[in-house]
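1. Structural data only, the sequence is not supplied:
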């Protein structure tokens, strides 16, 4: 490529014709990210991670390339717990051609041309959870005894339990055992109580739209609580890293 040549921003080779409304974008993203909201999209725009076109009337319109950038951001947050600043730096490197393009992900299957949603999330037995997390089943049992993990009446664990076990194992390498993790469980329970109070007015309605709104709001407020906790903890330990 010659000097001064313009590099097409990432993702390359995908249409940049902005013709999709925010409702179209949410419909496309919620197949993989059910909790995403329009306020989340506006926040990512404010952070400079996506730049939708504005119509003369001020409405946002997105292109297929914008949706791929959003998917990249949301996956990095969900799968790798990356802060937005780091994700922005990664996108800048991809835009400049300084970083390798992410490997394409498998596409959702379709039936009669209709995109199928993801399969129902797995629920683990104790043994299956240990295998999935790559740990000894004794760690799962210890987390249960300590109250960090709570199996259902049938003895199964929800999909989030895998993340809990993986992170607990990582902390264990630093001498943090299961009993020390009770404080995290207690904090999560208190925050969940706060979220429940916020969504209670919506959950009290029988309409499906109200229940859907409650679910979306709960996910959004829960994510904000997570981000606040992370910011406070980083601030608290900042003095230990300098």
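-> That came in fine, so what should we check first? In this text, all values refer to a predicted model and were calculated from it rather than measured experimentally. Residues are numbered from 1 along each chain as shown.
2. I'd say residue 38 and residue 22 touch.
-> Yes: with contact defined as C-beta atoms under 8 Å, residue 38 and residue 22 form a contacting pair (5.4 Å). For the C-beta atoms, the positions are set from N, CA and C on the backbone; glycine is no exception.
3. Could you say which helix or strand holds the spatially most central residue of the chain?
-> Central residue of the chain (C-alpha atoms, centre = their mean): residue 78, 3.0 Å from the mean position. Element membership of residue 78 [criterion: DSSP states H and E] is helix 64-80.
4. Tell me the helices and strands packed up against that helix.
-> Applying 3 or more C-beta pairs under 8 Å, 6 or more residues apart in numbering; DSSP states H and E, we find helix 64-80 packed against helix 22-29, helix 38-46, helix 84-96.
5. please redo it, this time with the cut-off set to 7 Å
-> In terms of contacts (3 or more C-beta pairs under 7 Å, 6 or more residues apart in numbering; DSSP states H and E), helix 64-80 is packed against helix 22-29, helix 84-96.
6. Can you give the contact residues for that helix?
-> Applying C-beta atoms under 7 Å, 6 or more residues apart in numbering, the contact partners of helix 64-80 are 11, 14-16, 25, 28-29, 33, 36, 44, 49-50, 52, 82, 87, 91, 102.
7. Looks like residue 191 contacts residue 225 (just checking).
-> Yes: between residue 191 and residue 225 there is a contact under C-beta atoms under 7 Å: 4.7 Å.
8. and the nearest residue to residue 172 once chain neighbours are set aside, how many residues sit next to it?
-> Nearest non-adjacent residue to residue 172, counting by C-beta to C-beta, 6 or more residues apart in numbering: residue 139, 7.2 Å away. Counted by other C-beta atoms under 10 Å, the residues lying close to residue 139 total 19.
9. List the buried residues of stretch 26-42.
-> Residues of stretch 26-42 classed as buried: 26, 28, 29, 33, 35, 36, 37, 40, 41 (neighbour count, 16 or more other C-beta atoms under 10 Å).
10. how far does that stretch stretch from start to finish?
-> Length of stretch 26-42, first residue to last, C-alpha to C-alpha, to the nearest Å: 12 Å.
11. avg pLDDT for it?
-> Across stretch 26-42, the average pLDDT comes to 86.
12. same deal with stretch 218-236?
-> pLDDT averaged over stretch 218-236 gives 85.
13. The helix ranked longest in the chain: how far from the chain's middle?
-> In the chain, with assignment by DSSP state H, the single longest helix is helix 208-237. Helix 208-237 sits 11 Å away from the centroid of its parent chain (C-alpha atoms, centre = their mean, to the nearest Å).
14. So which bits of it are buried?
-> So, applying 16+ other C-beta under 10 Å, buried residues of helix 208-237: 213, 214, 216, 217, 218, 219, 220, 221, 222, 225.
15. hang on, the earlier thing: the residue nearest to residue 172 contacts residue 169, doesn't it?
-> Yes: with contact defined as C-beta under 7 Å, residue 139 and residue 169 form a contacting pair (6.2 Å).
16. Mark out where each domain of this structure begins and ends.
-> Per the TED database, the structural domains of the chain span 22-96, 126-241.
17. To residue 7, which of the ones you listed lies closest?
-> domain 22-96 (6.3 Å; C-beta to C-beta).
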